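Q: With the input below, show me the fold.
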Amino acid sequence: MDGETDWKLRRSIRCTQKHFEKSMTISNLEGQIRFPPPHENIYNFEGVFEGFDSVANENANEFLTLENTLWANTAVASGFVIAAILYTGKETRMALNSRSARSKIGKTDLELNKISKMLFMFMVILSAVLVILKGFQGAFYLDFFKYVLLMSSIIPISLRVNLDFAKAVFSYKISKDDHIPGALARNSNIPEELGRISYLLTDKTGTLTKNEMHFKRLVLEHTQFEEEHKALLLKILQKQCEKASGPMRDVEAKYNEMVQKEGTKNVRTVKIRRDKDLILRDLITALAICHNVTPLIENGVKIFHASSPDEIALVKFAGEINFKLLERDSAEMKIENAAGRQETYKILAIFPFTSESKRMGILVRHTESNRIVFFLKGADSAIYPRVKEVYRSLVMDECEVLARTGLRTLVIAARYIPEAEYEEWKKIWDQANMSLSDRNNLIRQAGDILEQDLDFLGITGVEDKLQDDINDALESVRNAGIKVWMLTGDKVETAKCVAVACGLKALSHQIFEIKENTDDLSLMNQINEFSNKNNTILLIDGVSLGRILEHHSELFFRNATQAPAVICCRCMPTQKALITEMIKKFSDGRVAGIGDGGNDVGMIQAADVGIGIVGKEGKQASLASDFSINQFSHIKPLILWHGRLYYKNSSKLSQFVIHRGLIISFIQALFISTFYFVTIPIYNGWLMIGYSTIYTMFPVLCLVRNSITQEFIPYVFRFSMKMYPKRKHCSSQSCIRHFRKIVS
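A: Next up, the predicted model:
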């Protein structure tokens, strides 16, 4: 439902699970479930189970969250479940989130509609002229309608059938193209629109990149480690794990010592000097346990499932240096440290990652030492205000350095939680979980109590590999006169580096940045300044973009659409769809949107041509698109070959059908004028039917199957593609040119 391919961990109600394990039936189970009315949010559920716990022989009240639910139209990965059905039919999340698809109409069809109206007016005017030349004799109004019927060949009635047949053939040829394996044309109404694209809006992660994460760098306060330093890391970790078990051992000792000397006041805010090897040990421990990864055994091989490939990459890296994730369930997880010893961590609380919080936290108790530790990881902007003040400048500087190299960064911090503080906090946590109203907000507030004065552990740098042949594809698209907009949720520096690496920014391009600006006057000055620059790429972040969309959308898009490329960073899914609509509104060009995830669906559906990539984030983008492909480089044959050819052939086919009707009507008009304005047809009915079908059928079939131009020609001479988005092969001007040929 969310467009992701990862497995979601779901939990049963503890009371009902105990009852079933005891009696192996639920027929004698007593209880009720209270739940809210239907709503669209698939990421939230708040309910409560009230029943009798037959095992403990007491009343049981258990509060239900999303983890206790299984939405309709989803599958159980293994085993079986016994469930109570709460929502059915139109009340299910799937039905509530369904939207009637927008029927897309190509610009060529709109132009043909305009031409058909012009031809109709021409037919009426020509009939009126013939009546005037005849001199309004007798029942002239009947003569007028007879002339209209005789001139009806002007109206290209068969054009719709011929064009729909051609589009069906074009779509079939796209799906069967050996140069685009896995391609699928889901919308057969607009194959010719691929040749009229002026703007290509693309996602970054999974579209320009492969969404395959590989660990590259580990940055601590006083040192950093590269991927090739695994042997050194293993040596340090093995030494530290042999000394003692569990994280933050030295912090606990120093904390207790400081409390005895100075009391608990201000102890948390003081920076404790730590050995860098101990910090490294805690950092790798955090990588091994602060996540939502579930280890599974399939065909004798251990695999990992998670909602983010970043987490899997970090867990695998921790395993490569002998911090291995062995088991995990809802209550605890077990890891094997570098010394070969097993460590068990009891999960006390989890704060899952959300797009709003941009961080994920976990509170665990190390069973062997009974030590409680809170780990937090997330984006630099989310962790920066939550670490101790002495670390903040370090966090921002190091994240910026990593982002300049094109790496995705993740900041990791931790805090030792004394037992007394945990007991006080647990009361707030339990109260938040017991609330039936605004539970998520109360849980977030409870998490904020722990997320204060954290100790900085380190920063991870993960590389997302570029798609195959991405540079050649983008260069070909750019040389064809198509302007590329990259819409991403990543940081400015990361997006800039990826733009350079993938070839979105050419060597001759400069970059003009609009960042963290919410002042209206300053934004207008920057937009006007950019409008005076040539051969310059515009880069804008989400904060500035949000303000512009509210107050200066027309000024911005009138100028931004003239840029060779635009990079929008920290862009939300709703902003992607809104940007698409604004480009369509303030420019004459056709807009294509390409993406691979559920967050790109709005952009794909809003675009004139939606292209979905089947990637690691699922098939939601592919299913919502007009054309589905397997990788970004396939847009090169899709646009430069199929789009160009089908736009030319559709235009030629349309002009041929119109030309065919105009010839008959022109001959009929000459016949009427020559023979004293007689209202009889020059050709009989069967001859006219044969002319419109059998006699002129082969040119139509030839135009549909026309592939004479070899495929390499648009690639070699791709600079000539610049004229295709602007050239109007099917317009009123071209129709007039054909009419002149007939007359002459």
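Q: Number of residues surrounding Ile372?
A: Residues near Ile372, counting by other C-beta atoms under 10 Å, number 21. All C-beta atoms are positioned from the backbone trio N, CA, C, and that covers glycine.
Q: again with Thr409
A: Per other C-beta under 10 Å, the neighbour tally for Thr409 reads 23.
Q: helix, strand or coil for it?
A: Taking DSSP: H, G, I helix; E, B strand; the rest coil as the rule, one finds Thr409 in the strand state.
Q: if I look at it, how far off is Phe144?
A: 77 Å (C-beta to C-beta, to the nearest Å).
Q: Ok, Ser553 next?
A: 51 Å.
Q: wait, what's in contact with the closest residue in space to Glu336 that isn't next to it in sequence?
A: Computed as C-beta to C-beta, 6 or more residues apart in numbering, the closest residue to Glu336 that is not its neighbour in sequence is Lys324, at 4.5 Å. When contacts are counted by C-beta atoms under 8 Å, 6 or more residues apart in numbering, Lys324 touches Ala288, Ala318, Ile335, Glu336.
Q: Then Leu283?
A: Leu218, Leu220, Ile412, Leu457, Gly458.
Q: Swap in 10 Å and give it another go.
A: By C-beta atoms under 10 Å, 6 or more residues apart in numbering, Leu283 lies in contact with 218-220, 225, 237, 247, 318, 375, 412-414, 456-460.
Q: Got the domain ranges for the protein?
A: 14-96, 112-178+640-743, 199-210+467-632, 211-463 (automatic domain parsing).
Q: Now mean pLDDT and distance to Ala185 too, for these, in JSON lines please.
A: As requested, the domains of the chain are exported to JSON lines (pLDDT from 0 to 100; distance: least, C-beta to C-beta, whole Å):
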{"stretch": "domain 14-96", "mean pLDDT": "80", "distance to Ala185": "25"}
{"stretch": "domain 112-178+640-743", "mean pLDDT": "78", "distance to Ala185": "4"}
{"stretch": "domain 199-210+467-632", "mean pLDDT": "87", "distance to Ala185": "6"}
{"stretch": "domain 211-463", "mean pLDDT": "84", "distance to Ala185": "24"}
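Q: winner for burial among these?
A: Most buried of the domains of the chain by mean neighbour count (mean count of other C-beta atoms under 10 Å) is domain 199-210+467-632; its value is a mean of 21.
Q: what about that one, distance to the chain center?
A: Centre-to-centre, domain 199-210+467-632 and its host chain are 12 Å apart (C-alpha atoms, centre = their mean, to the nearest Å).
Q: got the CA coordinates for stretch 373-387 in PDB?
A: Provided in PDB are the C-alpha atoms of stretch 373-387 (Å, rounded to 0.1, in the frame of the first residue of the first chain):
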ATOM      1  CA  VAL A 373      21.300   3.400  27.000                       C
ATOM      2  CA  PHE A 374      19.400   5.500  24.500                       C
ATOM      3  CA  PHE A 375      20.700   5.600  20.900                       C
ATOM      4  CA  LEU A 376      19.600   8.100  18.300                       C
ATOM      5  CA  LYS A 377      20.400   8.400  14.700                       C
ATOM      6  CA  GLY A 378      19.100  10.700  11.900                       C
ATOM      7  CA  ALA A 379      19.800  13.600   9.600                       C
ATOM      8  CA  ASP A 380      22.200  16.300  10.700                       C
ATOM      9  CA  SER A 381      19.400  18.900  11.000                       C
ATOM     10  CA  ALA A 382      17.500  16.600  13.400                       C
ATOM     11  CA  ILE A 383      20.500  15.500  15.600                       C
ATOM     12  CA  TYR A 384      22.300  18.900  15.700                       C
ATOM     13  CA  PRO A 385      20.000  20.600  18.300                       C
ATOM     14  CA  ARG A 386      19.900  17.400  20.500                       C
ATOM     15  CA  VAL A 387      23.600  16.800  21.100                       C
END
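Q: tell me which element Val484 is part of?
A: strand 483-487 (DSSP states H and E).
Q: the inter-axis angle of the very next helix or strand once past that strand versus strand 483-487?
A: Scanning forward in sequence from strand 483-487 by DSSP H and E, the next helix or strand is helix 492-502. Put simply, helix 492-502 runs at 140 degrees to strand 483-487, going by axes from the mean of the first three to the mean of the last three C-alpha atoms, to 10 degrees.
Q: Mind checking what helix or strand follows helix 492-502 in sequence?
A: As assigned by DSSP H and E, the chain's next helix or strand after helix 492-502 is strand 510-514.
Q: moving C-terminal of that following strand, what's the next helix or strand?
A: helix 520-531.
Q: Mind exporting the C-alpha coordinates of that next one to PDB?
A: Output in PDB follows, covering the C-alpha atoms of helix 520-531 (Å, rounded to 0.1, in the frame of the first residue of the first chain):
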ATOM      1  CA  ASP A 520      10.100  38.000   0.400                       C
ATOM      2  CA  LEU A 521      12.100  41.000  -0.800                       C
ATOM      3  CA  SER A 522      15.400  39.100  -0.700                       C
ATOM      4  CA  LEU A 523      13.800  36.200  -2.600                       C
ATOM      5  CA  MET A 524      12.600  38.500  -5.400                       C
ATOM      6  CA  ASN A 525      16.000  40.100  -5.700                       C
ATOM      7  CA  GLN A 526      17.600  36.700  -6.000                       C
ATOM      8  CA  ILE A 527      15.200  35.600  -8.600                       C
ATOM      9  CA  ASN A 528      15.700  38.800 -10.600                       C
ATOM     10  CA  GLU A 529      19.400  38.400 -10.300                       C
ATOM     11  CA  PHE A 530      19.200  34.800 -11.600                       C
ATOM     12  CA  SER A 531      17.100  35.900 -14.600                       C
END
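Q: Show me what that helix is packed up against.
A: Applying 3 or more C-beta pairs under 10 Å, 6 or more residues apart in numbering; DSSP states H and E, one finds that helix 520-531 contacts strand 510-514, strand 536-540, helix 542-551, helix 553-560.
Q: how much does that helix deviate in direction from strand 510-514?
A: For helix 520-531 against strand 510-514, the angle by the same axes, to 10 degrees is 170 degrees.
Q: Doesn't Arg415 belong to a strand?
A: Yes - under three-state DSSP, Arg415 falls within a strand.
Q: does it really touch Asp453, like I thought?
A: Yes - the criterion here is C-beta atoms under 10 Å, and Arg415 meets it with Asp453 at 7.0 Å.
Q: contacting residues for the nearest residue in space to Leu29 that is not next to it in sequence?
A: Nearest residue to Leu29, sequence neighbours excluded (C-beta to C-beta, 6+ apart): His19, at 5.4 Å. Shown in contact with His19 (C-beta under 10 Å, 6+ apart): 13, 25-26, 28-31, 51-55, 60.
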